[in-house]
Structures are given as structure tokens and as C-alpha cells.
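Novice: Would you be able to build a 3D model of this:
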Amino acid sequence: MKLKEKLGEAFRMYFILVTLITILLLILGTLFDGDRTFSYEAFLSPLIYAAIGVIPVFFFNDEKEVSLKGLLVHRIIQLLIIEAAMLGIAFLGKNIDTDRSEVVIGIAVGVVVVFALSIIVEYLFEASIAQKLNEDLERFQREEISNI
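Specialist: Okay, the predicted model is just below:
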């Protein structure tokens, strides 16, 4: 995959992740820290977390078709990298109460859910593009056959 394509994939994934992470932060914040009042700096965290979430896009070279097993291995490694990064931020940061096990579990489960949802959204996006390309190809082939 060329750098331009990787940047396009990372850009698309970034905005999917920002949306999903914002929803996750709303849910986790409401459940575990509902009394806190945030400043406008709170809007920065989903942007930073999403930027960290797209880093694994650049780790894998997808020049060749990957088997299903290879794709699953890539996705698992990506998830582990993202989990480690997010939990590392949670434990190193002073604003997240990592002394409470339910907060840590909530973050870990939330990362898995956001990761899975981002893959589903990406798949639906790619499937719609593939369907349109196939329809356009079929229309082109019918037109070429009728012109013969």
C-alpha cells in the first residue's frame, strides 16, 4: 500500500475513532466520574486518543493480499498496541482513577468495543464502495457489449 493510500486510510479511521471515542468517554465519564466538571481541554482527549489509535495503520505493509488468518493476526496485534497505549495513558495520567478496577476494566472493554465498531464501520464503508464499483463495471460491460 502506498503512503498516500495509508494516509487516506489513517485519515478516515481517525475520524471514525474520534466519534466512537467521544461516545465512549461520555459513557465512561457518566458511569464512573459523573460529578466532574470539564473544561474545554476535555475536547482535546478524543483527538489525541484517535491519533494514537491510527498509529498501527503504519506498522503493516499490505502490498500483498493478506489471508484471513493474517488479517486476524494483524488486527489482534493492532488491538494489543492500542490497548497498551490507552491503558498506559490511563495509568500514567493523574486525571483517571485507575485505583478503581471497574474504571480500568471499563477502559479496556471500551477500547475493544471502539476497535470492533471501527472495523465494522470501515467494512461497511469499503463494502459500499466495492458495490458501487461492481455496479459501474457491470454497466460499462453491458454498454461495451451493446456497442459491438
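Novice: Was I right to think L25 contacts L47?
Specialist: No - if you go by CB atoms under 8 Å, L25 and L47 don't touch, sitting 11.4 Å apart. To be clear about C-beta, it is placed using only N, CA and C from the backbone, and glycine gets the same treatment.
Novice: between these two, who's got more neighbours?
Specialist: L25 (16 against 13; other CB atoms under 10 Å).
Novice: ok, so what distance separates that one from I52?
Specialist: 14 Å (CB to CB, to the nearest Å).
Novice: ok so, going back, now list whatever residues contact both of L25 and L47.
Specialist: Counting by CB atoms under 8 Å, 6 or more residues apart in numbering, no residue touches both L25 and L47.
Novice: What would stretch 141-148 look like as PDB? C-alpha coordinates only.
Specialist: Extracted as PDB, the C-alpha positions of stretch 141-148 are listed here (Å, rounded to 0.1, in the frame of the first residue of the first chain):
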ATOM      1  CA  GLN A 141     -19.600  -4.100 -19.700                       C
ATOM      2  CA  ARG A 142     -23.200  -4.000 -20.800                       C
ATOM      3  CA  GLU A 143     -22.600  -0.800 -22.800                       C
ATOM      4  CA  GLU A 144     -19.500  -2.300 -24.400                       C
ATOM      5  CA  ILE A 145     -21.400  -5.400 -25.400                       C
ATOM      6  CA  SER A 146     -24.300  -3.400 -26.800                       C
ATOM      7  CA  ASN A 147     -21.800  -1.300 -28.900                       C
ATOM      8  CA  ILE A 148     -20.300  -4.400 -30.500                       C
END
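Novice: Compute the mean per-residue pLDDT across stretch 134-141, please.
Specialist: What stretch 134-141 shows for mean pLDDT is 93.
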